[in-house]
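> take a look and give me a structure for this.
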Amino acid sequence: MISQPSRHCTVELQALPSRIGQVRRIVSAQLRYWHLDPLIDLAALGVTELLTNVHRHAEPDKMCTVEIELRRDRLTVSVYDHDPRFPEVRDADPLATCGRGLAMVASVSDDWGVRPHGDGGKVVWFSLPAPSPAVALPPHPVYGSTAALHADAPTHAPARSAVAG
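Have a look, this model is predicted:
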């Protein structure tokens, strides 16, 4: 589903480590297209943390949807999954190797949250302030086709993308 094509990007995937890297590259490319280069690192960090949580914790499956949306002066990144359990920010032990993802998302974003979605799922989101674009958007989308994305994709872990510029 694509709405307001120049300001919306949706990617459906199975949250596996190889797919997380692909989505990070898609988000980065889309933000470059929207001339939001200053937000690339923060958005990539946030989406990586949220997708890692889906990979590590979501049940009954790892299928999810990443949505990035630019509205006026705000970029919102949302990750929808099928697990009804809400994540919690934890105080991680200083020597722990995990458990800091949501705290990092909270610290780099303007706002973040979680809410129920659909029949038993949830959406975890964060927002970043968007600088005013200095240049008008190009007339063509970043990705004309998703064939290249699927060329090397294993059949057990589909990554479908609907990206518009």
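> now the closest residue to residue 120 other than its chain neighbours, what are its backbone angles?
Among residues not flanking residue 120 along the chain, residue 84 sits closest, at 4.6 Å (Cβ to Cβ, 6 or more residues apart in numbering). The way it works is simple: take the backbone N, C-alpha and C, and place the C-beta from them, glycine included. The phi and psi torsions at residue 84 (degrees, to the nearest 10) take the values phi -80, psi -10.
> ok, the one 5 residues further on next?
Backbone geometry at residue 89, expressed as degrees, to the nearest 10, gives phi -70, psi 130.
> which SS class is the residue nearest to it when sequence neighbours are not counted?
Spatially, and ignoring its direct neighbours in sequence, residue 89 is nearest to residue 102 (4.6 Å; Cβ to Cβ, 6+ apart). Under the three-state scheme (DSSP: H, G, I helix; E, B strand; the rest coil), residue 102 adopts helix.
> isn't residue 102 right up against residue 86?
No: the pair residue 102 / residue 86 is not scored as a contact, 10.4 Å apart, by Cβ atoms under 8 Å.
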